[in-house]
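Peer 1: give the three-dimensional model of this entry:
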Amino acid sequence: MLETPIMEGEYFLQNDILKPKHLFREVWLNYHKVIYEVIRVIGGKPVFLKQHLDRLLRSCVLSGYNPPDRMILEQDTLSFIAHSNF
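Peer 2: Okay, the predicted model is just below:
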C-alpha cells in the first residue's frame, strides 16, 4: 500500500524512504486522507517536537488511523531533518 508522502525542502519521505522532491506526485494527495504537522526547525533542531508529535498522534487516533510508534516517528523525524540540511 502506498503511504502518502511527506515532503519538505529538497526531499520527501515515502514508506520510510527519503526521496528527492522531483519524484513527488501531487496526485497522491487525492487518494488518501492527509494528516500532517508543520514543525519549525532552527539550527537543525526541531522546536516543540514533543508537542507536535503529541498533536499528530492524537489526530491519527481521532481520524481512525492506527498511530505510528512514537519512538520510530521521532527517530524518522530527526533523521529527515538531518538529511534536509535545515
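Peer 1: which is the next helix or strand following the least confident helix or strand in the chain by mean pLDDT?
Peer 2: Lowest on mean pLDDT, DSSP states H and E among the helices and strands of the chain sits strand 6-8, with a mean of 49. Next in sequence after strand 6-8, counting helices and strands by DSSP states H and E, comes strand 11-14.
Peer 1: just the CA trace of that following strand, in PDB.
Peer 2: Output of strand 11-14 as PDB, limited to C-alpha atoms (Å, rounded to 0.1, in the frame of the first residue of the first chain):
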ATOM      1  CA  TYR A  11      13.300  15.700  -0.100                       C
ATOM      2  CA  PHE A  12      10.100  13.800   0.900                       C
ATOM      3  CA  LEU A  13       9.600  10.700   3.000                       C
ATOM      4  CA  GLN A  14       7.600   7.900   1.400                       C
END
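Peer 1: what lines up beside that strand in the sheet?
Peer 2: strand 6-8 (antiparallel), strand 17-20 (antiparallel) (DSSP bridges).
Peer 1: what's in contact with the last one?
Peer 2: Contacts of strand 17-20 from elsewhere in the structure, counted by CB atoms under 8 Å, 6 or more residues apart in numbering, are 5, 10-13, 79-80, 83. Quick note: C-beta positions are derived from backbone N, CA and C, even for glycine.
Peer 1: need those in a markdown table with distance to Arg40 and pLDDT, can you?
Peer 2: Shown next, in a markdown table, are the contacts of strand 17-20 (distance: CB to CB, whole Å; pLDDT from 0 to 100):
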| residue | distance to Arg40 | pLDDT |
| --- | --- | --- |
| Pro5 | 21 | 47 |
| Glu10 | 18 | 74 |
| Tyr11 | 18 | 74 |
| Phe12 | 18 | 73 |
| Leu13 | 18 | 70 |
| Ser79 | 18 | 87 |
| Phe80 | 14 | 84 |
| His83 | 17 | 80 |
